[in-house]
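J.: what follows is a predicted structure for the sequence shown.
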Amino acid sequence: MDQFNFVSTGLTALDFDPYEQGHCVHTRSYRGFHVAATIANSKHQGGVAVAWRVEPKKGQGKPNQDIESFRRHGPNCLSYHALFGGTRQPVIVAYLLPDTLEDLYHLQAAFDRFKNRCPPVLMADLNVDLYSPTPDLRTRQVADFLATNGMEDMLQHFHSRRRF
C-alpha cells in the first residue's frame, strides 16, 4: 500500500507541541511515508490523518503517485489532491462525531473547495447506517447532505468474486 487514510486519530494540540510534553507524538515522516493530520478536539475521538509513500520500496522505482495541496477544514476534515501519474483526483477525508452534526459545516467547506471541478472522492466515517431500511433523523440529514453534494456510493461499482 502506498496511501492510507485514518479517521478518529485523537491527536490533540498537546501531541503537536514538543515543548509541552518534552516530545512530539505526531510524526511528519516515518519509514518512507509522510503524514499530515488535523488537530482533534479530544484524544478519545476525532481527528483525521493521511499517510503516503514518498520513498521507493526496496528494489522498486519511485512511487508514481503523490499527494499535494492539503487544506484542513476543522478538526475532523481535510482535503487534498492525489496525483496518480498524470491524473489529479480531489479527495476529502472526514469523521463525523457520533452525537453531533456540527462538522457538516467543515465538510461543506471541503466540498466547496472542489466546486466546478472533478467531483471529489469522499473517504469518511459518517457514523450513520445509510443502508438502514428505517433511517433516523441523523441518517436522513447526512444522506440529504451527500445527495446535495452529488455523492454516490462507489461500493455498487465493485463486486466481490463468488467462491466456486
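T.: Received, thanks.
J.: any weak-confidence spans in the chain?
T.: Across the chain, residues meeting the criterion (pLDDT under 70) sit at 1-31, 42-44, 55-64, 155-164.
J.: what is the neighbour count of the residue nearest to Arg113 when sequence neighbours are not counted?
T.: Sequence neighbours aside, Ser79 is the residue nearest to Arg113 in space, at 5.7 Å (criterion: CB to CB, 6 or more residues apart in numbering). Every C-beta, even on glycine, is put in place using the N, C-alpha and C of the backbone. By the criterion of other CB atoms under 10 Å, Ser79 has 24 neighbours.
J.: and Ser79, helix, strand or coil?
T.: Using DSSP: H, G, I helix; E, B strand; the rest coil, the structure places Ser79 in strand.
J.: residue boundaries of the helices in this protein?
T.: Using DSSP state H, the helices found in the chain span residues 13-16, 18-21, 104-113, 137-148.
J.: buried stuff in the longest one?
T.: It stands for helix 137-148. Within helix 137-148, the residues that count as buried by 16 or more other CB atoms under 10 Å are 138-139, 142-143, 145-146.
J.: then stretch 104-113?
T.: Buried residues in stretch 104-113, counted by 16+ other CB under 10 Å: 104, 106-107, 110-111.
J.: repeat for stretch 118-133
T.: Residues of stretch 118-133 classed as buried: 120, 122, 124-128 (neighbour count, 16+ other CB under 10 Å).
J.: out of those residues, who's nearest Ile67?
T.: In terms of CB to CB, no member of those lies closer to Ile67 than Pro120, at 13.5 Å.
J.: ok, and the closest non-adjacent residue to the closest one?
T.: Using CB to CB, 6+ apart and skipping residues adjacent in sequence, the residue nearest Pro120 is Pro90, 3.9 Å away.
J.: residues contacting the one you found?
T.: By CB atoms under 8 Å, 6 or more residues apart in numbering, the residues touching Pro90 are 79-82, 113-114, 117-121.
J.: of the residues you listed, which is the nearest to Ser132?
T.: Val121 (23.4 Å).
J.: quick check: the gap between the closest one and Asp99.
T.: For Val121, the distance to Asp99 (CB to CB, to the nearest Å) stands at 27 Å.
J.: again, but for Thr87
T.: Distance of Thr87 to Asp99, given as CB to CB: 38 Å.
J.: on that earlier part again, for the contacts of Pro90, give me JSON lines that also has distance to Thr38.
T.: Putting those into JSON lines (distance: CB to CB, whole Å) gives the following:
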{"residue": "Ser79", "distance to Thr38": "11"}
{"residue": "Tyr80", "distance to Thr38": "12"}
{"residue": "His81", "distance to Thr38": "17"}
{"residue": "Ala82", "distance to Thr38": "17"}
{"residue": "Arg113", "distance to Thr38": "15"}
{"residue": "Phe114", "distance to Thr38": "18"}
{"residue": "Arg117", "distance to Thr38": "22"}
{"residue": "Cys118", "distance to Thr38": "23"}
{"residue": "Pro119", "distance to Thr38": "22"}
{"residue": "Pro120", "distance to Thr38": "17"}
{"residue": "Val121", "distance to Thr38": "18"}
